[in-house]
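1. Okay, structure incoming, though there's no sequence with it:
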């Protein structure tokens, strides 16, 4: 990922100084015009802004904590992933060292870095974001989420959470039809090219404002009716001899929503269950 | 739903004879030109084809089983939902009574019935489908899935399964960002309008043919790396005090895939787990 980031900057004509614990990893970048710093201190002092893409926050602390005050007056943009608490801690760590700090998350795989519609999420110092927006746009489409430095990693985690749930939903549904020898390619055409955008995604976009109001009118279908459907999906999974844990958990979550008084509300009231920690089963 | 179906036929100029156990439910349809049959036998004999939208297969049997051979030589299209085994049994039941049988599933809510792009799924007699295709197109976009009569209900169940998983994924992700006071409307704009079509759906369509080949190259990310991400999502859910059962189950499914030898494969190898019944934990 570090190579992809540096290449995008070079491709947009920005002078780039690189540093990696394993110096040879930068060989190709040097042939493309990057300057290789011999030390972290040299790398940080070479440019008005330092972009870090490390394994985790601990690695960042390990690199800088023995370096005295080389971060003082510097601008740091950190693109590793982590938890919101870790991002908050990192922002405090940077502030103590006198550095401006922007936390970020990369929402695309390395081959898509540098494309104009590849989303990069940022949170923390709005001043850093505004001053360096044009430079950050070399990497993709920079989106500023707010001054809370944890927002970028939280959004990143939430989007991945949604991605896995959606992929699991598709894979499990494909396993269901595969039990009757339907090819995945055939199912995907209907499921992804028609059903997802037309039925699912449009509903979610339409209903998002109701989530913010905790407004779940049951006029077009209640939680009870959705529980029936989820029981049916679970039963069919068992009958077709495919994995059934995933529909069973969704059924249990709908049951929990009913137990908490949402039986006459629509399905999106499950949001109220998700906003609270998991309870032990009663 | 029965009213929506009859209205669509009437709106396209088809003569319609209706019957319902509760006759008054058809009053509005009669004012719109439907003929009301006094008995099931009268309804079935009035038209070349009988469309049924009942609670379940048992209800269908209850209505017809005491009626002698009124179904002989008739064409039945059954739109209730059920399991694949129930659909198979219904096709056998219809054949015993000398009726042609098409099983179907309605993929849109009642207000969308009659729109040209509202998908209706059919399986069973291709002859019935081909002969009555134009008439069925009054209801929406008719898709014939194959001669196996269970395909329509199986696809229906699979699409709903995917819908719930996707909705749960979005709702859980929205709960995660709501823990930092991000409005659902703001998250939905990025999550549904950008991330889903650009990152998730396009990947699934691209990869569907690999599912059919059980081909899961790990070049751009292994199951181990995805397990790390799922552990991270689960930990963040706990840290943010939101519900954590759903990411935890996804984590466990990835662990199961690794236990079964897919650690170096890409994430979609989870499909291999889903194609088998749930195992007791080892």
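-> Noted; the coordinates are in hand. Just so it is clear, the structure is predicted and the values come from calculations on it, not from any experiment.
2. ok, residue A:15 - how many residues close by?
-> Residue A:15: 11 surrounding residues under other Cβ atoms under 10 Å in any protein chain shown. No exception for glycine: its C-beta is placed from N, CA and C like everyone else's.
3. helix, strand or coil for it?
-> Here residue A:15 is coil, with the state taken from DSSP: H, G, I helix; E, B strand; the rest coil.
4. for it, phi and psi?
-> With angles defined as degrees, to the nearest 10, residue A:15 sits at phi -60, psi 130.
5. ok, now how distant is it from residue A:197?
-> If you measure residue A:15 against residue A:197 using Cβ to Cβ, to the nearest Å, the figure is 43 Å.
6. Likewise for residue A:243?
-> 26 Å.
7. Likewise for residue A:203?
-> Taking Cβ to Cβ, one finds residue A:203 at 11 Å from residue A:197.
8. cool, and residue A:57?
-> Distance from residue A:57 to residue A:197, by Cβ to Cβ: 37 Å.
9. wait, residue A:59 sits on residue A:82?
-> No. The pair residue A:59 / residue A:82 is not scored as a contact, 10.4 Å apart, by Cβ atoms under 8 Å.
10. quick one, which of residue A:243 and residue A:197 is more surrounded?
-> Per other Cβ under 10 Å, whichever of residue A:243 and residue A:197 has more neighbours is residue A:243, with 26 against 14.
11. what's the spacing between that one and residue B:271?
-> Separation of residue A:243 from residue B:271 (Cβ to Cβ): 10 Å.
12. and for those two, which residues touch both?
-> residue A:175 (Cβ atoms under 8 Å, 6 or more residues apart in numbering or on different chains).
13. Strands of chain A, residue ranges please.
-> A:17-18, A:35-36, A:50-52, A:75-78, A:100-106, A:119-124, A:141-144 (DSSP state E).
14. and these as JSON lines, adding mean pLDDT and distance to residue A:278?
-> Listed next are the strands of chain A as JSON lines, based on pLDDT from 0 to 100; distance: least, Cβ to Cβ, whole Å:
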{"stretch": "strand A:17-18", "mean pLDDT": "96", "distance to residue A:278": "44"}
{"stretch": "strand A:35-36", "mean pLDDT": "96", "distance to residue A:278": "49"}
{"stretch": "strand A:50-52", "mean pLDDT": "95", "distance to residue A:278": "34"}
{"stretch": "strand A:75-78", "mean pLDDT": "96", "distance to residue A:278": "31"}
{"stretch": "strand A:100-106", "mean pLDDT": "96", "distance to residue A:278": "25"}
{"stretch": "strand A:119-124", "mean pLDDT": "96", "distance to residue A:278": "27"}
{"stretch": "strand A:141-144", "mean pLDDT": "96", "distance to residue A:278": "31"}
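15. how about those in CSV, adding mean neighbour count and distance to chain B?
-> Formatted as CSV, the strands of chain A follow (neighbours: other Cβ atoms under 10 Å in any protein chain shown; distance: least, Cβ to the nearest Cβ, whole Å):
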stretch, mean neighbour count, distance to chain B
strand A:17-18, 18, 23
strand A:35-36, 16, 27
strand A:50-52, 20, 18
strand A:75-78, 24, 16
strand A:100-106, 26, 12
strand A:119-124, 25, 6
strand A:141-144, 19, 7
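16. The ones you listed: which one's closest to residue B:135?
-> strand A:119-124 (46.8 Å; Cβ to Cβ).
17. Sheet partners, orientation included, of the closest one?
-> strand A:100-106 (antiparallel), strand A:141-144 (parallel) (DSSP bridges).
18. I'd like those strands written out as JSON lines, with distance to residue A:158 added.
-> Formatted as JSON lines, these follow (distance: least, Cβ to Cβ, whole Å):
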{"stretch": "strand A:100-106", "distance to residue A:158": "10"}
{"stretch": "strand A:141-144", "distance to residue A:158": "14"}
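19. who's in contact with the residue in the stretch 1-150 of chain A positioned nearest to chain B?
-> In the stretch 1-150 of chain A, the residue that lies nearest chain B is residue A:83 (4.9 Å; Cβ to the nearest Cβ). The contact partners of residue A:83, taken as Cβ under 8 Å, 6+ apart, are A:153, A:157, B:232, B:235, B:236, B:239.
20. my guess is the second one contacts residue B:179, does it?
-> No. Here residue A:157 does not reach residue B:179: they are 10.6 Å apart, not a contact under Cβ under 8 Å.
21. Who has more neighbours out of the two?
-> Counted by other Cβ under 10 Å, residue A:157 and residue B:179 do not tie: residue A:157 has more neighbours, with 29 against 18.
22. Count the residues that sit near the nearest residue to the more buried one once chain neighbours are set aside.
-> Using Cβ to Cβ, 6 or more residues apart in numbering or on different chains and skipping the chain neighbours, the partner closest in space to residue A:157 is residue B:236 (4.7 Å). The number of residues packed near residue B:236 is 28, by other Cβ under 10 Å.
23. What of the one 10 residues further on?
-> Neighbour count for residue B:246, taken as other Cβ under 10 Å: 29.
24. Could you measure from it over to chain A?
-> 7 Å (Cβ to the nearest Cβ, to the nearest Å).
25. gap between the two ends of stretch A:258-270?
-> 9 Å (Cα to Cα, to the nearest Å).
26. hmm, I was thinking of stretch A:21-40
-> 9 Å.
27. outside of that stretch, which residues touch it?
-> Contacts of stretch A:21-40 (Cβ under 8 Å, 6+ apart): A:2-3, A:6-7, A:10, A:15-20, A:43, A:46, A:63-64, A:67, A:70.
28. Break chain A into its domains for me.
-> A:2-148, A:154-274 (automatic domain parsing).
29. Does residue A:209 touch residue B:185 like I think?
-> Yes. Judged on Cβ under 8 Å, residue A:209 makes contact with residue B:185 at a distance of 5.2 Å.
30. which sections of chain A are below the confidence cut-off?
-> For chain A, the stretches with pLDDT under 70 are A:280-282.
31. mind running it again at 80?
-> A:279-282 (pLDDT under 80).
32. how about the residue sitting furthest away from the middle of chain A, what does it touch?
-> With Cα atoms, centre = their mean as the measure, chain A has its most outlying C-alpha, relative to the mean C-alpha position, at residue A:239: 35.6 Å. By Cβ under 8 Å, 6+ apart, the contact list for residue A:239 reads B:83, B:84, B:85.
33. before we move on, the earlier item: quick one, which of residue A:59 and residue A:82 is more surrounded?
-> residue A:82 (25 against 13).
34. Do I have it right that residue A:169 meets residue B:158?
-> No. Taking Cβ under 8 Å as the definition, residue A:169 is not a contact partner of residue B:158, at 9.7 Å.
35. quick one, which of those two is more surrounded?
-> Neighbours were counted for residue A:169 and for residue B:158 using other Cβ under 10 Å; residue B:158 has more, 31 against 28.
36. what separates the more buried one from chain A, distance-wise?
-> Distance from residue B:158 to chain A, by Cβ to the nearest Cβ: 4 Å.
37. Pull up the gap between that residue and residue A:162, please.
-> 20 Å.
38. excluding its backbone neighbours, what's nearest residue A:142?
-> residue A:136 (4.3 Å).
39. Counting neighbours, what do you get for that neighbour?
-> 23.
40. So it sits against residue A:130, correct?
-> No. In this structure residue A:136 lies outside contact range of residue A:130 using Cβ under 8 Å: 10.3 Å.
41. Look up phi and psi at the closest residue to residue A:109 other than its chain neighbours.
-> Distances taken as Cβ to Cβ, 6+ apart put residue B:220 closest to residue A:109, at 6.2 Å, once the chain neighbours are dropped. When read as degrees, to the nearest 10, the backbone of residue B:220 gives phi -110, psi 20.
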